[in-house]
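Chemist: From the sequence below, what's the structure:
(one chain, ligands or ions: 1)
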Amino acid sequence: MTKLKFLCALVTFLSVNSYAANPLFSDVRTADPAALVVKDKVYLYAGHDIAKDNTKFYEMNDWLVYSSSDMVNWEAHGPRLTVSDFKWAKGDAWASQVIERKGKYYWYVTVRHNDTKPGFAIGVAVGDSPLGPFKDALGKALVTNDMTTDTPNDWDDIDPSVFIDDDGQAYLFWGNSKPRYAKLKKNMLELDGSIQPLTIPNFTEALWIHKHGDWYYLSYASGFPEKISYSMSKSITGPWEHKGVLNELAGNSNTNHQAIIDFKGKSYFIYHNGGSQPDGGSFRRSVCIDDLHYNADGTIQRIVMTSEGATPAK
Ligand code: FUB
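Modeler: Got it, this is the predicted structure:
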């Protein structure tokens, strides 16, 4: 084989077999990933851990955005939303998710409300593109702690996940210790009807709702330290059939927060751990991606967390 032929073969091999090594980003600490597919790109919305060490608690003030056309090469777009964009909030930029409706992008976020409505709350920002600019859509919270009174915790209204069903009805799922959902009005800015409980076992937090084929999936963090479990249903309102653990404990992190997407014919599991950077831990986490595989009956194979990362989308 000539030198040139060898080089061509090597380039082909590398381009076919390239991987997005985990963690995705080594210059910052990222957590609570949410992903949105827009045409031929994936937008990744991540929480931003800035705690100096792992002994205290979360320090999170803004959310970072990245995009990719292949799940391997990621472009950083910096922080696109901060707690201070919500005048009624006083801290804690926890988990979030963005969804598109009629050309507008709605970014549902967890934040701590100021003392007028103490406790965690869910707000929503809106923008004209997946990168914003985003502004507080309501000037007040969409969900506040006083709207749910069935737990003693003030952190039970966190981790929003949104979904628009095939008939156009939008839903908001959220919760810590008690999982809940409610319909959203077409404007995406008001709950439509009462808040409903969900029946899924061993629930902690981190709900993610998605559909694949004709199955609806609810994945969530279970137990503590957290694993990711999931349930399936033929209807978005249940009943939910429990399918067990999807992802084991994420290295060196008490939490384990996932997003699941289909992109260019492949499926991906996006999550965080605390072990893939030297100074990582529960409050200094890193977003990772691995491949996700469905079985013919719609169940999902247990995730294999790797250092090599996901295989590319083409
Ligand atoms: O990042 C802060 C909180 O930790 C999130 O809201 C939870 O899902 C857990 O990951």
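Chemist: When you work out contacts or count neighbours from here on, use the C-alpha atoms and nothing else.
Modeler: Will do.
Chemist: Quick one: name the residues of the protein near the ligand.
Modeler: Applying Cα under 6 Å from any ligand atom, one finds that the chain approaches the ligand through Asp32, Trp94, Ala95, Asp159, Glu205, Ala206, Thr255, Asn256, His257.
Chemist: Reformat those as CSV; add distance to Ser231.
Modeler: Output for those, formatted as CSV (distance: Cα to Cα, whole Å):
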residue, distance to Ser231
Asp32, 20
Trp94, 24
Ala95, 21
Asp159, 17
Glu205, 14
Ala206, 13
Thr255, 19
Asn256, 17
His257, 16
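Chemist: Just put these in TSV and tack on secondary structure, distance to Gly175 and neighbour count.
Modeler: Converted to TSV, the residues of the chain next to the ligand look like this (DSSP: H, G, I helix; E, B strand; the rest coil; distance: Cα to Cα, whole Å; neighbours: other Cα atoms under 10 Å):
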residue	secondary structure	distance to Gly175	neighbour count
Asp32	strand	14	28
Trp94	coil	12	27
Ala95	coil	11	25
Asp159	coil	6	26
Glu205	strand	6	27
Ala206	strand	8	30
Thr255	coil	15	30
Asn256	coil	15	28
His257	coil	13	27
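Chemist: ok, what's across the strand from the spatially most central residue of the chain?
Modeler: Geometric centre of the chain, nearest residue: Ala34, 2.8 Å, by Cα atoms, centre = their mean. Under DSSP bridges, the beta-bridge partners of Ala34 are Tyr45.
Chemist: residue contacts, it?
Modeler: Ala34 makes contact with Leu44, Tyr45, Ala46, Ser96, Gln97, Val98, Gln258, Ala259, Ile270, according to Cα atoms under 8 Å, 6 or more residues apart in numbering.
Chemist: which one of those residues sits closest to the ligand?
Modeler: Ser96 (7.8 Å; Cα to the nearest ligand atom).
Chemist: To which secondary structure element is the nearest residue to the closest one once chain neighbours are set aside assigned?
Modeler: Distances taken as Cα to Cα, 6 or more residues apart in numbering place Val109 nearest to Ser96, at 4.2 Å, with adjacent residues excluded. Assigning secondary structure by DSSP states H and E places Val109 in strand 104-113.
Chemist: what comes into contact with that strand?
Modeler: Contacts with strand 104-113, where a contact means Cα under 8 Å, 6+ apart, come from 83, 88-100, 118-130, 132, 141, 144, 157-162, 188.
Chemist: Could you pick out the buried ones from these?
Modeler: For the contacts of strand 104-113, a burial check counting by 16 or more other Cα atoms under 10 Å picks out 83, 88-100, 118-127, 130, 132, 141, 144, 157-162, 188.
Chemist: Among those, which ones are in strands?
Modeler: Using DSSP state E, 89-91, 96-100, 119-127, 161-162 are the members of the buried ones among the contacts of strand 104-113 that sit in strands.
Chemist: burial count for the residue nearest to Ser96?
Modeler: Residues lying near Val109 (other Cα atoms under 10 Å) number 28.
Chemist: give me the beta-bridge partners of it?
Modeler: According to DSSP bridges, the partner residues bridging Val109 are Ser96, Gly123.
Chemist: Would you check that Gln97 makes contact with Val162?
Modeler: Yes - between Gln97 and Val162 there is a contact at 7.0 Å, judged by Cα atoms under 8 Å.
Chemist: Quick one, which of the residues of the chain next to the ligand has the minimum pLDDT?
Modeler: Lowest pLDDT among the residues of the chain next to the ligand: Asn256, with 94.
Chemist: I'd assumed Gly275 was in contact with that residue.
Modeler: No - assessed by Cα under 8 Å, Asn256 is found out of contact with Gly275, at 11.8 Å.
Chemist: joint contacts of those two?
Modeler: Common contacts of Asn256 and Gly275, defined by Cα under 8 Å, 6+ apart, comprise Ala250.
Chemist: All set, thanks.
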